[in-house]
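J.: Structural data only, the sequence is not supplied:
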């Protein structure tokens with residue numbers, strides 16, 4: 001299992017609308033093969049910054065989603081809220097827990 005980490009900046013005043021957009025888009029990503037759920041966290045110091053965490057079976061599963069029609073739907077629902085391009089990285093299994 002890997003963890004996708006997406007650091008997101010939304011337009012000023014758009015935080016609530018973004019949370020609602022992700023709520024609507026959640027079923028789209030969670031039905032993707034290899035997706036094992038998402039988590040969205042809002043930064044306390046700057047409420048227009050979010051951390052999206054997605055659990056995937058592999059980076060390849062994430063890349064397959066990005067090439068799918070479902071990703072186009074996810075993008076349609078969420079990407080208009082981004083003020084800056086998303087910073088996306090992947091993390092391996094934890095070394096300590």
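T.: Good, I have the coordinates. All values reported here derive from a predicted model rather than from experimental measurement.
J.: CA atoms for contacts and neighbours, from now on please.
T.: OK.
J.: which residues are contacting stretch 57-64?
T.: Where contact means C-alpha atoms under 8 Å, 6 or more residues apart in numbering, the residues beyond stretch 57-64 that reach it are 1-2, 33-36, 56, 90.
J.: let's go with 10 Å and repeat that
T.: The set of residues that contact stretch 57-64 without belonging to it, under C-alpha atoms under 10 Å, 6 or more residues apart in numbering, is 1-4, 29, 32-36, 54-56, 65-67, 71, 89-92.
J.: got it, and stretch 75-85?
T.: Identification of contacts with stretch 75-85 by C-alpha under 10 Å, 6+ apart yields 7-12, 14-15, 17-26, 28, 48-49, 66, 69-73, 86.
J.: From these, list the buried ones, please.
T.: Buried positions within these, assessed by neighbour count (16 or more other C-alpha atoms under 10 Å), are 7-10, 15, 18-19, 21-22, 25-26, 28, 48-49, 66, 70-71, 86.
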